[in-house]
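Engineer: 3D, please:
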Amino acid sequence: MDMTIDELARRVDMTARNIREWQTNGLVPPPQRRGRIGIYGDDHISHIERIKSLRAQGFPLDIIRQILDQSGESAPEIRRMASEVLGPANLTGSMEMKRVDLAEQFGADAEHHLASCGLIDVVDDELLVITDTRTFDYVDQLVAAGLPLDKVARSLTHMTDHQVASMQEFVDLYRHEIWEPFLRAGLPIDEWPAIAEKTLQLRSLGIGLGMQAFRRAIDKVAGKVATEEAAKIEVPTPARKNASKRS
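Structural biologist: All right, here's what the predicted structure looks like:
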């Protein structure tokens, strides 16, 4: 089926501008030319839909380009390795919950506070989703211990922001030292197993390093606060026993 770029864009639910960008990046093959008009066919639709599918799985465009360029024999290996590298790690799980149950458990403002720190997503008028059940349990325990939910949610937001910044620095180190040299080499297929193994190892080590750094921070802050609070305590000086006898 022959199409102009605007017709193709409507078929694949994209803009013509995005299609042209993918062409510039070498992802989409150029059209056939009939005079000054570019003509696209069903192969272009299949090609674009494959790219969109890979994007939905989390693949970046540089890897997608390599997958599309590889032979049929090596492309599955790249996809398998890339899935291991890019797959999510340490997911704690999610669950649905009735909005009325959340309000009953934490109060009428709970939805606002927990949404502000990314812990819930509203589904509809009746349901919401707890995005991280383990963190939700910790929040529940902190509130049960007497801490206000709004302040717990605010602290969780600050902690998450700091953790993201820390992990971004760690990931940037990996990117500059491991990934970019591999990318400049053209993502050679024979190096994918080593890169995948190293990436999984670094991700695991990054999680461990982040958790240990957080524990050290807790000890440091808690120790400082304990020292400061101890200095504020006035210990009464016991009266001397002999003082009453001399008087």
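Engineer: for the closest residue to L114 other than its chain neighbours, give me its contacts.
Structural biologist: Spatial nearest neighbour of L114, chain neighbours left out: I120 (4.6 Å); criterion: Cβ to Cβ, 6 or more residues apart in numbering. The C-beta positions use only the backbone N, C-alpha and C, and glycine is treated the same way. Neighbouring residues of I120 by Cβ atoms under 8 Å, 6 or more residues apart in numbering: 97, 102, 111, 114, 128-131.
Engineer: what about I120, distance to R99?
Structural biologist: I120 sits 9 Å away from R99 when distances are taken as Cβ to Cβ, to the nearest Å.
Engineer: can you list residues touching both of these two?
Structural biologist: Contacts common to I120 and R99, judged by Cβ under 8 Å, 6+ apart, are 111, 128.
Engineer: before we move on, back to that, of the contacts of I120 - the most surrounded one?
Structural biologist: Ranked by neighbour count under the definition other Cβ atoms under 10 Å, those are headed by L114 with 25 neighbours.
Engineer: that one is in contact with A153, isn't it?
Structural biologist: Yes: counting by Cβ atoms under 8 Å, L114 does reach A153; the two are 6.1 Å apart.
Engineer: give me the next element, helix or strand, following the helix or strand harbouring F170.
Structural biologist: In this assignment (DSSP states H and E), F170 forms part of helix 149-174. Following helix 149-174 in sequence order, the next helix or strand is helix 180-184 (DSSP H and E).
Engineer: which helix of the protein spans the most residues?
Structural biologist: In the chain, taking DSSP state H as the definition, the longest helix is helix 192-232.
Engineer: just the mean pLDDT for that one, thanks.
Structural biologist: Per-residue pLDDT values across helix 192-232 average out to 84.
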